[in-house]
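Trainee: Sharing a model prediction with you, sequence too.
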Amino acid sequence: MSLAQHLLELRRRLFIAAAGLIVGMVIGFIISGPVIDLLTQPIAQIAATHGDAYTKLNFNTVTSGFDLRMRIAFSIGLLISAPVWLWQVWAFIMPGLTRKEIRYTIGFLGAAIPLFVAGLYVGWTIMPHMIELMATFVPGSKGVAQFYDYSTYYDFVFKLLLVVGVSFITPVFLVALNLAGVMTGRTILRGWRVAIIIICVFAAAATPAADVSSMLLLGGILCVLYFAAALLSLLFDRRKRKREAAAGLLPPEPLA
């Protein structure tokens, strides 16, 4: 294909992906009401404990309600339309890939997508505990109330889910680097001390300092995923050495 044909193909793929996103956003906007109810459950729990006048989700402009629904619609639409736009990206780049690269890409997506969904679930699980725990530090004296700005509250929840979801994909990148020949399984495993320190710092930064249970849950899962990636890389290295030995590509061992 010529450059002009590639550009036309890219435009067609982008148009289909955008159409899928718009359809997903329409669905997301329709169900944004129940989603807002789910997002504000921690606030409702705090209000049930301290009284409705103590804490509320605050909409401080005329268009705040519509803005929140549009943000939620975009996020949901992006997730719902993921099969459409992922396929369009894949269909555009697949003709330029070798059979081996296609196989690796399919394996990467097959592992990354479930792990990302699992990360979203873990983030969703720890999110209410974080909000309720942080609310306990607000002074309980008379005349003091906590109002959550809708934009700040949504950004907090969205960023938490995104960061935790992406962190679950990190082991897949380690395996990809191993398959690309950049890092061996032994190299990944030897760095376990540094990896645990990084995981602990990340878990402590992603969760409140007082929420030890959420920090241990997140850090423990990430440690398991790291060692699983290291062991899988060792397995791939072993299979690679066997293939090279069978093909006579390994150097002869020195005589004793």
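Mentor: Great, that's in hand.

Trainee: Can you measure across stretch 160-175, start residue to end residue?
Mentor: Length of stretch 160-175, first residue to last, C-alpha to C-alpha, to the nearest Å: 25 Å.

Trainee: can you give me how far the lengthiest helix in the chain is from the chain middle?
Mentor: Across the chain, the longest stretch assigned as helix under DSSP state H is helix 99-135. Put simply, helix 99-135 sits 4 Å off its chain's centre (C-alpha atoms, centre = their mean, to the nearest Å).

Trainee: what's the answer for stretch 33-43, then?
Mentor: Using C-alpha atoms, centre = their mean, the distance between the centre of stretch 33-43 and that of its chain works out at 21 Å.

Trainee: Please list the outside residues in contact with that stretch.
Mentor: 28, 55-57, 68-69, 72, 76, 127-128, 131-132, 148, 153-154, 157 (C-beta atoms under 8 Å, 6 or more residues apart in numbering). Bear in mind the C-beta positions are built from the backbone N, C-alpha and C, glycine included.

Trainee: closest to V138 among the residues you listed?
Mentor: Nearest to V138 out of the contacts of stretch 33-43 is T55 (C-beta to C-beta; 8.1 Å).

Trainee: quick one: contacts for that closest one?
Mentor: T55 makes contact with I43, I46, A47, A135, A145, Q146, F147, Y148, according to C-beta under 8 Å, 6+ apart.

Trainee: quick one on the thing from earlier: can you tell me which of the contacts of stretch 33-43 end up in helices?
Mentor: Among the contacts of stretch 33-43, DSSP H puts G28, L68, R69, I72, I76, M127, P128, I131, E132, Y153, Y154, V157 in helices.

Trainee: which of those residues sit farthest apart?
Mentor: G28 and E132 (26.6 Å).

Trainee: more neighbours, the two?
Mentor: G28 (24 against 16; other C-beta atoms under 10 Å).

Trainee: list the contacts for the more buried one?
Mentor: V35, I72, A73, F74, S75, I76, G77, I80.

Trainee: what about it, distance to P34?
Mentor: Look at G28 and P34: by C-beta to C-beta, to the nearest Å, they are 11 Å apart.

Trainee: same question, R193
Mentor: 45 Å.

Trainee: And for V138?
Mentor: 28 Å.

Trainee: what about the two, which has more around it?
Mentor: Taking other C-beta under 10 Å, V138 and P34 do not tie; V138 has more neighbours (14 against 9).

Trainee: That one and P42: what is the separation?
Mentor: The value you get for V138 to P42, if C-beta to C-beta is used, is 13 Å.

Trainee: Neighbours of Q41, how many?
Mentor: The burial count for Q41: 13, using other C-beta under 10 Å.

Trainee: one step back: could you turn the buried ones of the ones in helices among the contacts of stretch 33-43 into a ChimeraX selection?
Mentor: In ChimeraX syntax, the buried subset of the ones in helices among the contacts of stretch 33-43 is picked out as below (16 or more other C-beta atoms under 10 Å):
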select :28,68,69,72,76,127,128,131,132,153,154,157
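
Trainee: Mind putting the ones in helices among the contacts of stretch 33-43 into a markdown table with pLDDT and distance to V166?
Mentor: Shown next, in a markdown table, are the ones in helices among the contacts of stretch 33-43 (pLDDT from 0 to 100; distance: C-beta to C-beta, whole Å):
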| residue | pLDDT | distance to V166 |
| --- | --- | --- |
| G28 | 91 | 21 |
| L68 | 90 | 23 |
| R69 | 91 | 25 |
| I72 | 91 | 20 |
| I76 | 89 | 18 |
| M127 | 85 | 16 |
| P128 | 84 | 21 |
| I131 | 82 | 21 |
| E132 | 80 | 25 |
| Y153 | 87 | 21 |
| Y154 | 88 | 18 |
| V157 | 87 | 15 |
